[in-house]
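Student: show me the folded form of this:
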Amino acid sequence: MANVRKSLDESYFNAIELLFNCPGKVLVTGAGKSGLIAQKIVATIISTGTQASSLHPGDALHVNLGIVSEGDVFLALSKSGETEELVSILPYARSLGSSNHFNHRLSGLNSRSDVVIHTRVEAEACPLNLAPTSSTTAALVFGDALAMCLMKMRGFQPENFSRFHLGGQLGKRLLMTVGDIMRKGNQNPVVNVNDTFPNMLSMITRKLSGAVTVVANDGQLLGLVADFDIRKVLEKGGDLFALSISEIMNGSPTSIRSDAKAIEGLQLMENREHPFLVLPVLEQSGKKVVGMVHFHDLVAQGS
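Tutor: All right, here's what the predicted structure looks like:
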């Protein structure tokens, strides 16, 4: 892959500009194993905000060129660059309105392409140096790189991504909010700051949360007591039953709003020098506690 990276020159940037400014759709085509790579590239760039479709060159010779319209861009993948079907369809595609096309190999397709990108591979991984292996991997990496560049140029954000992934784990983690997952009502482990240590310990045990949120009389967040805070007191030789909750709690816990995306909660827990397992959940405005979200709850829901 180092050779592939080194081979990317000004042509690569020209290709990116061509795709980004494409007024139509990107048609990715290739025969054989290159055709399979074309399908993967299409799947990736569609999911990241670029209109695209795969077009098998063999099918294109039999009616399917009808999907080509003015302003489309052809991305033709070929190991040899001499694939007969590709060489045959590109002139017709241009006559049907496809104003630009480019391929990823320097070859006989060169004369029919506006941009040529050569992904150099010295040899296939195949012991006979015949079966496309290294070359198809290089083409796949090239396609992913195109997709990521276009994604950044379009300012593609998680909320955009979620529109194309409504089902499965991706859909859940991008669409669900903390409020959808949090422990609330009777399931919310919360105690008043003036409560006793035994009652607080009982709350942690009964709610199976490993922590409890500490609130003022008006329900606003004051702190958090986790197993870690209790162990810290014990390690110092402190008498837990002689201490108040305010003396044990973490007085500045990290919290999250109920309308935040579930994936934000997961990232907030994980992207720390010392990751933690729970977050007090606050109402959308103000500091009133409305629930608690646990790391395991987020993972269970696909976040």
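
Student: can we go C-alpha only for contacts and neighbour counts from here?
Tutor: Noted.

Student: wait, doesn't V42 sit right on G49?
Tutor: No: taking contacts as CA atoms under 8 Å, V42 lies outside contact range of G49: 10.9 Å.

Student: which of the two has more neighbours?
Tutor: V42 (24 against 19; other CA atoms under 10 Å).

Student: contacts for the longest helix seen in the chain?
Tutor: Secondary structure of the chain per DSSP state H: the longest helix is helix 134-153. Residues from elsewhere that reach helix 134-153 (CA atoms under 8 Å, 6 or more residues apart in numbering): 1, 4, 16, 19-20, 33-34, 37, 40-41, 44-45, 48-50, 77, 79, 104, 119, 121, 123-125.

Student: tell me the SS of L201?
Tutor: Three-state call for L201 (DSSP: H, G, I helix; E, B strand; the rest coil): helix.

Student: that one: neighbour count?
Tutor: Around L201 there are 18 residues (other CA under 10 Å).

Student: distance of it from G251?
Tutor: Computed with CA to CA, to the nearest Å, the distance linking L201 and G251 is 18 Å.

Student: the strands in the chain, which residues?
Tutor: 26-30, 52-54, 73-77, 100-103, 115-116, 190-192, 211-215, 221-226, 256-257, 278-282, 289-294 (DSSP state E).

Student: mind putting those strands into a markdown table with mean pLDDT, distance to L175 and mean neighbour count?
Tutor: Output for those, formatted as a markdown table (pLDDT from 0 to 100; distance: least, CA to CA, whole Å; neighbours: other CA atoms under 10 Å):
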| stretch | mean pLDDT | distance to L175 | mean neighbour count |
| --- | --- | --- | --- |
| strand 26-30 | 87 | 28 | 26 |
| strand 52-54 | 88 | 24 | 21 |
| strand 73-77 | 86 | 32 | 27 |
| strand 100-103 | 49 | 36 | 24 |
| strand 115-116 | 78 | 39 | 22 |
| strand 190-192 | 95 | 27 | 23 |
| strand 211-215 | 95 | 26 | 26 |
| strand 221-226 | 95 | 26 | 23 |
| strand 256-257 | 95 | 15 | 24 |
| strand 278-282 | 95 | 18 | 26 |
| strand 289-294 | 94 | 16 | 25 |
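
Student: Serialize these to JSON lines and add fields for distance to D239.
Tutor: Compiled in JSON lines, those are given as follows (distance: least, CA to CA, whole Å):
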{"stretch": "strand 26-30", "distance to D239": "69"}
{"stretch": "strand 52-54", "distance to D239": "66"}
{"stretch": "strand 73-77", "distance to D239": "71"}
{"stretch": "strand 100-103", "distance to D239": "73"}
{"stretch": "strand 115-116", "distance to D239": "74"}
{"stretch": "strand 190-192", "distance to D239": "20"}
{"stretch": "strand 211-215", "distance to D239": "19"}
{"stretch": "strand 221-226", "distance to D239": "16"}
{"stretch": "strand 256-257", "distance to D239": "32"}
{"stretch": "strand 278-282", "distance to D239": "25"}
{"stretch": "strand 289-294", "distance to D239": "28"}
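
Student: L243 is nearest to which of these?
Tutor: strand 221-226 (12.8 Å; CA to CA).
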